[in-house]
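> Coordinates only, no sequence provided:
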């Protein structure tokens, strides 16, 4: 559980990744759409998305040449509950 929380908060520690999550909170998007919207290169967006995927914050699905991304809201909720349990008074 602690490793998952560490990875979760590490993924949130970068402003570009927070911007990606904010975009995905509004609507699902392709990697190309995210790159255009954030005005950063597609390879850099892909690198950040990989970090978010490792932390379990997003889902990625390939459709031909495009990769569609979406928030994994259930995992976000699970991380929030795990952190609450960690700091809860016993």
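Everything's here; your move. Since the structure is predicted, the reported quantities are computational estimates derived from the model, not experimental observations.
> what pLDDT, on average, does the top helix by length along the chain get?
Longest helix in the chain, counting residues (DSSP state H): helix 73-87. For helix 73-87, mean pLDDT rounds to 92.
> Show me what that helix packs onto, helices and strands only.
Counting contacts by 3 or more Cβ pairs under 8 Å, 6 or more residues apart in numbering; DSSP states H and E, helix 73-87 packs against helix 2-11. C-beta coordinates here come from the backbone N, C-alpha and C atoms, glycine included.
> got a list of contacts for the helix it packs on?
The list of residues contacting helix 2-11 from outside it, by Cβ atoms under 8 Å, 6 or more residues apart in numbering, reads 17, 51, 52, 54, 55, 56, 57, 79, 82, 83, 86.
> orientation of the following helix or strand past that helix relative to helix 2-11 in degrees?
Downstream of helix 2-11, the first helix or strand assigned by DSSP states H and E is helix 15-26. For helix 15-26 against helix 2-11, the angle by axes from the mean of the first three to the mean of the last three Cα atoms, to 10 degrees is 100 degrees.
> hang on, the earlier thing: buried set for the longest helix of the chain?
75, 76, 79 (16 or more other Cβ atoms under 10 Å).
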